[in-house]
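>>> What follows is a predicted protein model with its sequence.
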Amino acid sequence: MDIIVIKGGRQLNGTVATSGAKNAALPLLFSSLLAQGEHVFDNVPRLNDIDSTELLLNHLNCETQRNGHQLKVNVNRPQSLVAPYDIVRKMRASILCLGPLIARYGEAKVSLPGGCAIGSRPINLHIEPLRQLGAEIDIENGYVMARANRLVGDRIVFDFATVGGTENIMMAASLARGTTIMENVAKEPEIVDLARCLRSMGAKIQGEGSSVITIEGVDELQPARHRVIPDRIEAGTLLLAGAITGGDVKVTNCVPKDFDALINKLIDCGFAVECGDDWVRVKPCDRWVAVDVDTAPHPGFPTDLQAQFMALMTQADGTSVITERIFENRFMHVQELARMGANITPKSQVSVVRGEKGGLSAAPVMATDLRASASLILAALATDGETTVNRIYHLDRGYEKLEEKLSSLGACIERRAN
Ligand code: EPZ
């Protein structure tokens, strides 16, 4: 298993471009199952999660062809409508094939995704709305067994603004008979990107980005030609790398308004942040104040930047109260940051971070999940010694060549086979 070694204490300066968004690309690739033929997706990041998605699409009789950041998906009628456990367990987002398969073929057998380090990750908010649209669904032997003649539109009110649940129902409702009104839906930019792609395929969909999405089902959809939006979580992570090292970093090929919750928090801390149409720049700052953060559905502070922001707060003047309101166990990075000397008291959904500039020391640490990996790397950049981050297969699920991007900004960081 590879490790990443960081020699910290250096200011990061310069310009770095963001890759395509993992959490947009995954639902987009699964939406191709709604229409046979050749789909073309551009700006697709090169990530392990994308590889896992290709594996599942290939299993469902789709040919995929990679050419740099372009991914072609040639969708044929699947011989098997099964998404097996040994593929789904590698990537929970595989559950996003359920809606498209049941809508297009009237049948699907998808392994339950199971939980992960950050939470139990149930899928009741995917299953119940599909039942409301007329699917017969049983859970047997660890699989979701779904059948439907043809889905029929209905009014769906989500208990929680679930991102994956919203995506699954958007895709399913696109081919249902009649109109589906979805209320209390997720408003993330990745939802908006999926809606744009579905519309380009012929779906009649409106309201994306608001709390209510209305879909008038059609009989057939056409193959997509779509460019994936930039990854706002990677953009925020890169900006935080500049901030925590007191550097001057400009992140390009991004959409500032997609992560303005982070930008506003950086400004509250005392950082000077400039924004253009497709770039954000953080200016040098050697002291910043601690601020509180509560994670929330978009446009609130993204849970996927909580761990990275916590690393910044370990170096702040004062105390930061960080409340994780989305996942029940997303403080796995706390004990690793504490091994580097951070003063953090985790209490269920809240972590209290008592900042101290220069209070971190290099140490061997272990990544526990995707965003925790990034948090540990940011913390390592702020120490003076050499930190080794183990189990970085977590990182490779969601960041394309992060060590190369940080190195281009002046970081002393390298990947080593271990
Ligand atoms: C998506 O996960 C993202 N993943 C996550 O990013 C992100 O953290 C999350 O949305 C929240 O923004 C992808 O897009 C592939 P949810 P998802 O359904 O769809 C509960 C990363 O680091 N819930 O909005 O699984 C759930 O337990 C990953 O890139 C139910 O109770 O998130 C959680 O507490 C991590 N029942 C909350 O809702 C359900 O049926 C948010 O889940 C579904 C969810």
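Now that the structure is in, tell me what you want to look at.

>>> Chain neighbours aside, what residue packs nearest to Asp260?
Pro299 (7.3 Å; C-beta to C-beta, 6 or more residues apart in numbering). Every residue, glycine included, has its C-beta placed from N, CA and C.

>>> For the one you found, report the pLDDT, please.
Pro299 is assigned a predicted lDDT (pLDDT) of 98.

>>> quick one, phi psi at Val273?
Val273 adopts backbone torsions of phi -130, psi 130, taken as degrees, to the nearest 10.

>>> What separation do you get for the residue nearest to Asp260 and the ligand?
Going from Pro299 to the ligand by C-beta to the nearest ligand atom, to the nearest Å gives 12 Å.

>>> Am I right that that residue is in contact with Ile263?
No - using C-beta atoms under 8 Å, Pro299 is not in contact with Ile263, being 11.6 Å away.

>>> Between the two, tell me which one has more neighbours.
Ile263 (21 against 15; other C-beta atoms under 10 Å).

>>> So that one, which state does it fall into?
When classified by DSSP: H, G, I helix; E, B strand; the rest coil, Ile263 comes out as helix.

>>> Excluding covalently adjacent residues, which one is nearest to it?
Val273 (5.4 Å).

>>> ok, that neighbour touching Trp279?
No - with contact defined as C-beta under 8 Å, Val273 and Trp279 do not form a contacting pair (11.0 Å).

>>> Which one's more surrounded, the two?
Neighbours were tallied for Val273 and for Trp279 using other C-beta under 10 Å; the higher tally belongs to Val273 (21 against 18).

>>> Tell me both backbone torsions, phi and psi, for Asn23.
Main-chain torsions, Asn23, degrees, to the nearest 10: phi -80, psi 0.

>>> that older thread, so the residue nearest to Asp260 belongs to a helix, correct?
No - residue state for Pro299 (three-state DSSP) corresponds to coil; a helix is not indicated.

>>> Next one: it from Ser211, what distance?
12 Å (C-beta to C-beta, to the nearest Å).

>>> Pull up the overlap in contacts between those two.
Lys187 (C-beta atoms under 8 Å, 6 or more residues apart in numbering).

>>> got the CA coordinates for the helix or strand hosting Ala374 in PDB?
Using DSSP states H and E, Ala374 maps to helix 370-381. Provided in PDB are the C-alpha atoms of helix 370-381 (Å, rounded to 0.1, in the frame of the first residue of the first chain):
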ATOM      1  CA  LEU A 370     -11.400  10.100   2.000                       C
ATOM      2  CA  ARG A 371     -11.700  13.500   3.600                       C
ATOM      3  CA  ALA A 372      -9.800  12.600   6.700                       C
ATOM      4  CA  SER A 373      -6.800  11.800   4.400                       C
ATOM      5  CA  ALA A 374      -6.900  15.300   3.100                       C
ATOM      6  CA  SER A 375      -7.200  16.800   6.600                       C
ATOM      7  CA  LEU A 376      -4.000  14.900   7.700                       C
ATOM      8  CA  ILE A 377      -2.100  16.100   4.700                       C
ATOM      9  CA  LEU A 378      -3.100  19.800   5.300                       C
ATOM     10  CA  ALA A 379      -2.100  19.400   9.000                       C
ATOM     11  CA  ALA A 380       1.300  17.900   7.900                       C
ATOM     12  CA  LEU A 381       1.900  20.900   5.700                       C
END
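
>>> What ranges does the stretch 201-350 of the chain have for its helices?
Assigned helices in the stretch 201-350 of the chain, in chain order: 232-244, 260-269, 306-313, 332-339 (criterion: DSSP state H, counting those that start in this stretch).

>>> average pLDDT for the longest one?
Throughout helix 232-244, pLDDT has a mean value of 98.

>>> Please point out which parts of it sit buried.
By neighbour count on 16 or more other C-beta atoms under 10 Å, the buried set for helix 232-244 is 232-244.

>>> pull the CA atoms of it into PDB?
Extracted in PDB, the C-alpha atoms of helix 232-244 (Å, rounded to 0.1, in the frame of the first residue of the first chain):
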ATOM      1  CA  ARG A 232     -15.900  22.200  -5.300                       C
ATOM      2  CA  ILE A 233     -14.500  20.000  -2.500                       C
ATOM      3  CA  GLU A 234     -11.100  19.700  -4.100                       C
ATOM      4  CA  ALA A 235     -11.100  23.400  -4.800                       C
ATOM      5  CA  GLY A 236     -11.800  24.100  -1.100                       C
ATOM      6  CA  THR A 237      -9.100  21.600  -0.100                       C
ATOM      7  CA  LEU A 238      -6.500  23.300  -2.300                       C
ATOM      8  CA  LEU A 239      -7.500  26.800  -1.000                       C
ATOM      9  CA  LEU A 240      -7.100  25.500   2.600                       C
ATOM     10  CA  ALA A 241      -3.700  24.200   1.700                       C
ATOM     11  CA  GLY A 242      -2.700  27.800   0.800                       C
ATOM     12  CA  ALA A 243      -4.400  29.200   3.900                       C
ATOM     13  CA  ILE A 244      -2.900  26.800   6.500                       C
END
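
>>> So what angle separates the directions of it and helix 370-381?
In terms of direction (axes from the mean of the first three to the mean of the last three C-alpha atoms, to 10 degrees), helix 232-244 departs from helix 370-381 by 20 degrees.

>>> same thing with the second one?
Using the same axes, to 10 degrees, one finds that helix 260-269 and helix 370-381 are set 30 degrees apart in direction.

>>> Go ahead and name everything in contact with helix 260-269.
236, 239-240, 243, 256, 273, 275, 280, 282, 288-291, 293, 299-302, 305, 309, 312, 316.

>>> relative orientation of it and helix 306-313 in degrees?
10 degrees.

>>> What score does the closest residue to Arg121 other than its chain neighbours have for pLDDT?
Beyond its immediate neighbours in the sequence, the residue positioned closest to Arg121 (C-beta to C-beta, 6+ apart) is Gly115, lying 4.9 Å away. Gly115 carries a pLDDT value of 74.

>>> Quick check: Gly115 vs Ile344, distance?
24 Å.

>>> and what of Tyr399?
Where Ile344 is concerned, Tyr399 sits at a distance of 23 Å (C-beta to C-beta).

>>> Tell me which of the helices of the stretch 201-350 of the chain sits nearest to the ligand.
Nearest to the ligand among these is helix 232-244 (6.3 Å), distances taken as C-beta to the nearest ligand atom.

>>> Asp248: neighbouring residues, count only.
A count of nearby residues for Asp248, using other C-beta under 10 Å, gives 18.

>>> For it, list each beta-bridge partner.
Counting by DSSP bridges, Asp248 is bridged to Asn13.
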